[in-house]
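K.L.:
Could you work out the structure for the sequence below:
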Amino acid sequence: MLFKKKRRNRQSLAVEQKKGAPLYTYVEPESQNSERIRMLRTNLEFIQVNDSLKSIAVTSSIPGEGKSTVAANLAVSLTATGKNVLLVDTDLRRPTVHKTLRVSRFPGISDLILNPKLPAKDIIYFKEDISLFIMPAGELPPNPSELLASQNMKKIMGELEKHFDYIIYDVPPINSVTDPQIIASRVDGVILVVRSGYVKKDEVRRSKTALENVEARILGCVLNDVPMDQDDKYYYYKKE
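P.N.:
Numbering: from 1, shown residues only. Prediction:
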């Protein structure tokens, strides 16, 4: 899966990240980026025909590669097929889902892990205009890895699968912390976002190795920020 964009440096991407991810699939449904997301969705649907694929983690090697953009847009695209979709922000260090979808960050997944008796209606938001359910990050804990590795989190993930057709987890970059490996080992599949000309090959290799070390199922890659002067071969998706 390839996205064409104007090239940006790491500093400009960091500023952009603070504003939340752009929702191409909602604001620009006929754009090329939206079409690429629909192609990604179609491939995931084909996988689901023969294999269990309800929970999907979206990650990257390093910050700023666009994993939150892909996660949010994929979630919105999946709702267009009539599915009940939940987008969960498990990036408990630099959450952006609440900014992208314009919902409160509190309470969220971290609060639910600490207090599983919290009512679901207080944790899950529903955006009627895009038919998407959202679970924000909540309070940022001092120990994100321990929280995500807890039995409470494992039970929550299992319970969510009973109520939604798809659960998309926006997780931190693989090479930054251990959080994404924890989630990756518990979901049905992982999508790795790679920003062209931004991340080094060695960093991508490290990400792949880290996922393999926890026996995560790598569904494929999304190649993001492709130079606009390249040819029209946008699309690449590979099931491992």
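
K.L.:
Select the longest strand from this protein.
P.N.:
Criterion DSSP state E: the longest strand present in the chain is strand 218-226.

K.L.:
Find the residue ranges of this protein scoring beneath the pLDDT cut-off.
P.N.:
For the chain, the stretches flagged by pLDDT under 70 are 1-18, 49, 228-240.

K.L.:
ranges for the strands of it?
P.N.:
For the chain, the strands defined by DSSP E cover 2-4, 55-60, 85-89, 125-127, 132-135, 166-170, 189-195, 218-226.

K.L.:
Can you add distance to D111 and mean neighbour count and give the ones you listed back as CSV?
P.N.:
Where C-beta positions appear, they are placed from N, C-alpha and C, glycine not excepted. Listed next are those as CSV, based on distance: least, C-beta to C-beta, whole Å; neighbours: other C-beta atoms under 10 Å:
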stretch, distance to D111, mean neighbour count
strand 2-4, 34, 20
strand 55-60, 20, 28
strand 85-89, 12, 26
strand 125-127, 13, 16
strand 132-135, 10, 23
strand 166-170, 17, 26
strand 189-195, 25, 24
strand 218-226, 30, 21
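
K.L.:
can those go into CSV with extra columns for distance to V27?
P.N.:
Below are the strands of the chain laid out as CSV (distance: least, C-beta to C-beta, whole Å):
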stretch, distance to V27
strand 2-4, 15
strand 55-60, 19
strand 85-89, 16
strand 125-127, 13
strand 132-135, 14
strand 166-170, 19
strand 189-195, 20
strand 218-226, 18
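
K.L.:
which stretch among these comes nearest L40?
P.N.:
Nearest to L40, of all those, is strand 218-226, at 6.8 Å by C-beta to C-beta.

K.L.:
Does that closest one pack against any helices or strands, and if so which?
P.N.:
For strand 218-226, the elements it packs on are strand 2-4, helix 32-50, helix 67-79, strand 189-195, helix 201-213, judged by 3 or more C-beta pairs under 8 Å, 6 or more residues apart in numbering; DSSP states H and E.

K.L.:
N143: which of the ones you listed is closest?
P.N.:
Proximity of these to N143 was assessed by C-beta to C-beta; the nearest stretch is helix 201-213, lying at 20.1 Å.

K.L.:
Can you check what angle separates the closest one from strand 55-60?
P.N.:
Inter-element angle recorded for helix 201-213 and strand 55-60: 160 degrees (by axes from the mean of the first three to the mean of the last three C-alpha atoms, to 10 degrees).

K.L.:
name the helices or strands packed onto helix 201-213?
P.N.:
For helix 201-213, the packing partners by 3+ C-beta pairs under 8 Å, 6+ apart come out as helix 179-184, strand 189-195, strand 218-226.

K.L.:
Appreciated, that's everything.
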